[in-house]
Each structure stands twice: as structure tokens, then as C-alpha cells.
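S.K.: Please work out how this folds:
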Amino acid sequence: MSLSEGTLKALKELGLTEYEVQAYVALVDGGMMSASDISTKSGVPFSRVYDVLGRLEEKGFIQIQRGRPTIYVAKSPQEIVRLVRLAWEEKLENSSKIVVNELQPRFERETPATRTRDVWLLHGRPNILAKALEMLEGAREEILLNLPSLDKSLIAEDDETEDLTEIVESVLRHKVGKICILTSSVPPEMKDMIPPEIEIRCRDSYGAGLVVDRRETLIMLAGGDSESGFLGVFSSAPVFAAMASSYFDNLWSQSEPI
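M.R.: Next comes the predicted model:
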């Protein structure tokens, strides 16, 4: 049974053992097979093959047709990858809810002695992006977004602003009462992608900032030649959000609707 190292590693990362990989690949190559045929073709010892096939069925990689003899059939790789992804997403969602439900209230009850500030510096693009997406996930009423361009192709090619692509996509998918985007330009091909309820205005814009529900603010800055050169300023202080919102509103009033 010939299998590339990359595929072997990927199948193990999807949750299969060595014997399970051998049996599944044998079925992919051989079609409908009995347990003895699978053992012969895959090299899985006959004393182990029924246990291995049972686990493959539990994991959703194969189907079993009971009879004399029992026949085993591999599910398509596309189907098993989709099933594994759905199972992981469900597991991640459930685990995330458990962690947040128990630990978030404890985090928010931290004592004044440990709560030293409402303004935080975020270093590096991954941390800044994660905070922006977290803010958008929690948005309920309003999103105010200022960024240099809505041209996703330009954003993706620009090392300093490539993470804005994911932020833009998240905003375009979001459903809240009010979404306002202030940017310097909107390419014609992007206009059809923008939901009608999202308001967009254009003016010269060089920075990137996000205000959610007029209570959380994130200013995104880029500079330097390394990942650490990217800096974000996040604040949950009401006065900071009020200042940022007022500044955005002023720029908005001086901008042209698309």
C-alpha cells in the first residue's frame, strides 16, 4: 500500500491510528471487501482487523453491510473530511461555550487591585486580528469601521494591511442594527458584494479603527519590519469610545456616500 508521508500524517491528524489508516486506504483502493480481504491487502493482522474496522465505522470513515460475509465499504474522502470538520466545529463550539460561561464571569469579577487599566496595547498582527474579530462577534447594535480601502485584492497584497481582509469579510457578514464603513475607495466589483443595509462613505483615509456599540474601541497601527511592529490600542473605557465615536461621526459628516 503506497501512501505519501503528507497524506499519512494528515489522516492521523484526522484521528486515525496506523492500522486504521492502512485499513481505510485498502478499502479506498479495493472497493467492497470482506474483513479477511482487508487484512490481506492492508497488512493489518487478522486478529486486530475487526476492532480496527469497528473503530473506523464509529469515526464515520466506512460503512458496513451485514451479511455472510460482512462487507465493508469506504466513504469518500470528501465526505469524511466534511464530517470530521463538522464534528470538530461542534466540539469547539461546545467547549468554547463551557469555558466562556464559567470563566468569563470570574474574569469580569476581578478585584480593583488587579484591574489596573481600561486601555491595552496589543502587539503583533495575530493578537490585533483576534481582538477585532472578538469585538465584531460581540457587536449587538452598531459597528463603526474606518480603513484605508475596501479593495480586498489590494489589502491582500499589502503586507501591512493583509489582516484587514478578514475583518472586512466579518463585517460584511454581520447582522446588527447599524454598520457604517468609512474608507478611501470602493472598487466597482466590491459594490455588488456589500449588503444594502451597510452604509459606506468615502474620503481620504490612512488609518484603521473599529468602534463597537460605542463601548469598545480598537485602533490598528502598522510600523517596523517585524510582526512586533504592528500595534493595536484597545479600550473598553466609555470615555475612549465616546471620543473615537465622535471623531468618526465628524469624519462621516464630511464624507461622500458611495
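
S.K.: quick one, phi/psi of residue 143?
M.R.: phi -130, psi 120 (degrees, to the nearest 10).

S.K.: got the contact list for it?
M.R.: 136, 171, 174, 176, 178, 179, 180, 210, 211, 212 (C-beta atoms under 8 Å, 6 or more residues apart in numbering). For the C-beta atoms, the positions are set from N, CA and C on the backbone; glycine is no exception.

S.K.: Neighbours of residue 46, how many?
M.R.: 11 (other C-beta atoms under 10 Å).

S.K.: ok, it to residue 58 distance?
M.R.: 20 Å (C-beta to C-beta, to the nearest Å).

S.K.: what do you get for residue 214?
M.R.: Counting by C-beta to C-beta - residue 214 and residue 58 are separated by 50 Å.

S.K.: who has more neighbours, those two?
M.R.: Using other C-beta under 10 Å, the more surrounded residue of residue 214 and residue 58 is residue 214, with 16 against 9.

S.K.: Hmm, residue 242 and that one touching each other?
M.R.: Yes - contact criterion C-beta atoms under 8 Å: residue 214 and residue 242 qualify, at 7.0 Å.

S.K.: Quick one: the strands in the protein, in order.
M.R.: Along the chain, counting by DSSP state E, strands occupy 62-65, 71-74, 119-123, 142-147, 178-183, 198-202, 208-212, 216-221, 231-235, 256-257.

S.K.: ranking those strands by burial, who's on top?
M.R.: strand 208-212 (a mean of 24; mean count of other C-beta atoms under 10 Å).

S.K.: Run me through the strand neighbours of that strand, direction for each.
M.R.: Next to strand 208-212 in the sheet, as set by DSSP bridges, lie strand 142-147 (antiparallel), strand 216-221 (antiparallel).

S.K.: closest to residue 73 out of the ones you listed?
M.R.: Proximity to residue 73 (C-beta to C-beta) singles out strand 142-147 among those, at 48.8 Å.

S.K.: Specify the angle between the closest one and strand 198-202 in degrees.
M.R.: 30 degrees (axes from the mean of the first three to the mean of the last three C-alpha atoms, to 10 degrees).

S.K.: what angle sits between strand 142-147 and strand 178-183?
M.R.: 10 degrees.

S.K.: Kindly export strand 142-147 (C-alpha atoms) in CSV.
M.R.: Output in CSV follows, covering the C-alpha atoms of strand 142-147 (Å, rounded to 0.1, in the frame of the first residue of the first chain):
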residue,chain,number,x,y,z
GLU,A,142,-23.6,49.3,15.9
ILE,A,143,-20.3,48.8,14.1
LEU,A,144,-18.2,51.8,13.0
LEU,A,145,-15.2,50.8,10.8
ASN,A,146,-12.5,53.0,9.3
LEU,A,147,-9.9,51.5,7.0
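
S.K.: can you tell me the average pLDDT over that strand?
M.R.: Mean pLDDT, computed over strand 142-147, is 90.

S.K.: same thing with stretch 94-114?
M.R.: On average, stretch 94-114 scores 74.

S.K.: Give me the spatial nearest neighbour of residue 45, chain neighbours excluded.
M.R.: Once flanking residues are discounted, residue 45 sits nearest to residue 39: 6.9 Å by C-beta to C-beta, 6 or more residues apart in numbering.
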